[in-house]
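Asker: only geometry, no sequence info:
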């Protein structure tokens, strides 16, 4: 597969030289524009948009290379200029760099050297474009305006999150599993002044307790058995940006003391190191436990109040059912593209059934439901029906609260078994899929008498 052509301007009063360079570059898939003087080069820049590199001869009549370089920088500051000359002295090279040239090549030049230099510049431009595309994709996916909701109860959530994005204060997001806590945390990060810095997410319940300290704070090679290399830790990896501590309530109490010290001083000392490292990191924590549970059972008081400077509670989907049609439309569009389907709407009966369902798995459960239906439906299917829903949901429409509890238990057991199957028995991965800690997973496996072998 050939590379996308990259436009280069070659400026030299030597026609043979220009012809030779043009032929060389075109053979290597560069798009070449030529000029034989400074004024002609300036005309070419206006005639040919998208020129990324200019190879400029230093000694030319009418306008020398340095003068042309200065003019180019005035009208196209982002364009890369390489000076080409037969006067290959250190003084000339230094002068070229002072004028803003990115590189300096002497005549006669090695063809491979020129091609390698241009390839480095081409890759740099491609990387910048890729980063720009990824930033746009991330912004489109995670910005506040792309969190689907039209309910009044979510309006206050967005207002509080928007205010949080304007500060560097710690944020605590509370909500049931599947409500979108990480999505909201990324939106806060991307809407603040740290958006170009790292966003590092860590599930405190998915990492074994004995490894959590070293993963968060790092360690020095040889500091303990198995430490075969230095590891900077997730706090240092997030320096300058945001660290998202998901399921913070699952963190052991003794490690909470260490975390509190880090948050008080904004310094961290990796295991085995003798000095502390300064941190500039924004902390967003999250939990699926209630505020009361966190304060009374799962977190030390001092750590809770250190983290809960700004508290945002995300309501469960059952408390904002007016969002269901919006979410369903969004998921249908998303998974139509993924699976090349053409479903358009839910039947009215199917939509009414979703309104009656409590969605213990919240938005994540609804998303998985719609994906499951679309993934297996015929290509000519146009509407999701009540039958489709019942084929993918293990629930019953009953008025009896006892029956509802039994149905939810059945659903929860099914979800546990499915997560274990998909994780091939790996309990850490299964817990992560379900958004719960390993301890919670083991407890539920025992409750539902699921084989733990």
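Answerer: Nice, I can see it. Small disclaimer: the values here were computed from a predicted structure and weren't measured.

Asker: is it fair to say residue 56 lies in a strand?
Answerer: Yes: according to DSSP: H, G, I helix; E, B strand; the rest coil, residue 56 belongs to a strand.

Asker: burial measure for it, as a count.
Answerer: Counted with other Cβ atoms under 10 Å, the neighbours of residue 56 add up to 26. (C-beta placed from N, C-alpha, C; glycine too.)

Asker: ok, now residue 232?
Answerer: By other Cβ under 10 Å, 14 other residues sit near residue 232.

Asker: Pretty sure it sits against residue 271.
Answerer: No: with contacts defined as Cβ atoms under 8 Å, residue 232 does not count as touching residue 271, sitting 11.6 Å away.

Asker: overlap in contacts of those two?
Answerer: Shared contacts of residue 232 and residue 271, defined by Cβ atoms under 8 Å, 6 or more residues apart in numbering, are found at residue 218.

Asker: Residue 83 sits in which helix or strand?
Answerer: Element membership for residue 83, per DSSP states H and E: strand 80-85.

Asker: Neighbouring strands of that strand in the sheet, and parallel or not?
Answerer: In the sheet, strand 80-85 lines up against strand 53-57 (parallel), strand 103-106 (parallel) (DSSP bridges).

Asker: what's next to the helix or strand just after the first one, contact-wise?
Answerer: Read that as strand 53-57. Downstream of strand 53-57, the first helix or strand assigned by DSSP H and E is helix 65-75. Residues from elsewhere that reach helix 65-75 (Cβ under 8 Å, 6+ apart): 11, 38, 41-42, 45, 54, 56-60, 63, 79, 81, 83, 85, 95-96, 99-101.

Asker: again, but for stretch 21-34
Answerer: For stretch 21-34, the external contacting residues (Cβ under 8 Å, 6+ apart) are 2-3, 5-12, 18, 44, 48, 51, 55, 111, 114-115, 118.

Asker: Can you flag the buried ones in the residues you listed?
Answerer: Among those, the ones that count as buried by 16 or more other Cβ atoms under 10 Å are 6, 8-12, 18, 44, 51, 55, 114, 118.

Asker: Turn the residues you listed into JSON lines, columns for secondary structure, pLDDT and distance to residue 433.
Answerer: As requested, these are exported to JSON lines (DSSP: H, G, I helix; E, B strand; the rest coil; pLDDT from 0 to 100; distance: Cβ to Cβ, whole Å):
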{"residue": "6", "secondary structure": "strand", "pLDDT": "87", "distance to residue 433": "43"}
{"residue": "8", "secondary structure": "strand", "pLDDT": "94", "distance to residue 433": "50"}
{"residue": "9", "secondary structure": "strand", "pLDDT": "94", "distance to residue 433": "53"}
{"residue": "10", "secondary structure": "strand", "pLDDT": "95", "distance to residue 433": "56"}
{"residue": "11", "secondary structure": "strand", "pLDDT": "94", "distance to residue 433": "59"}
{"residue": "12", "secondary structure": "coil", "pLDDT": "93", "distance to residue 433": "62"}
{"residue": "18", "secondary structure": "helix", "pLDDT": "92", "distance to residue 433": "61"}
{"residue": "44", "secondary structure": "helix", "pLDDT": "91", "distance to residue 433": "57"}
{"residue": "51", "secondary structure": "coil", "pLDDT": "90", "distance to residue 433": "50"}
{"residue": "55", "secondary structure": "strand", "pLDDT": "93", "distance to residue 433": "54"}
{"residue": "114", "secondary structure": "helix", "pLDDT": "89", "distance to residue 433": "52"}
{"residue": "118", "secondary structure": "helix", "pLDDT": "90", "distance to residue 433": "47"}
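
Asker: would you turn those into CSV with distance to residue 181?
Answerer: Formatted as CSV, these follow (distance: Cβ to Cβ, whole Å):
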residue, distance to residue 181
6, 43
8, 49
9, 51
10, 55
11, 56
12, 60
18, 60
44, 54
51, 47
55, 53
114, 53
118, 47
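
Asker: From these, pick the one nearest residue 284.
Answerer: Using Cβ to Cβ, residue 6 comes nearest to residue 284 of the buried ones among the contacts of stretch 21-34, at 40.7 Å.

Asker: Now do the closest one against residue 420, distance only.
Answerer: As judged by Cβ to Cβ, to the nearest Å, residue 6 and residue 420 stand 50 Å apart.

Asker: how close does residue 307 sit to residue 438?
Answerer: To residue 438, residue 307 is 22 Å away according to Cβ to Cβ.

Asker: between those two, who's got more neighbours?
Answerer: Using other Cβ under 10 Å as the criterion, residue 307 and residue 438 rank with residue 307 on top: 25 against 18.

Asker: separation between that one and residue 241?
Answerer: Distance, residue 307 to residue 241, using Cβ to Cβ: 17 Å.
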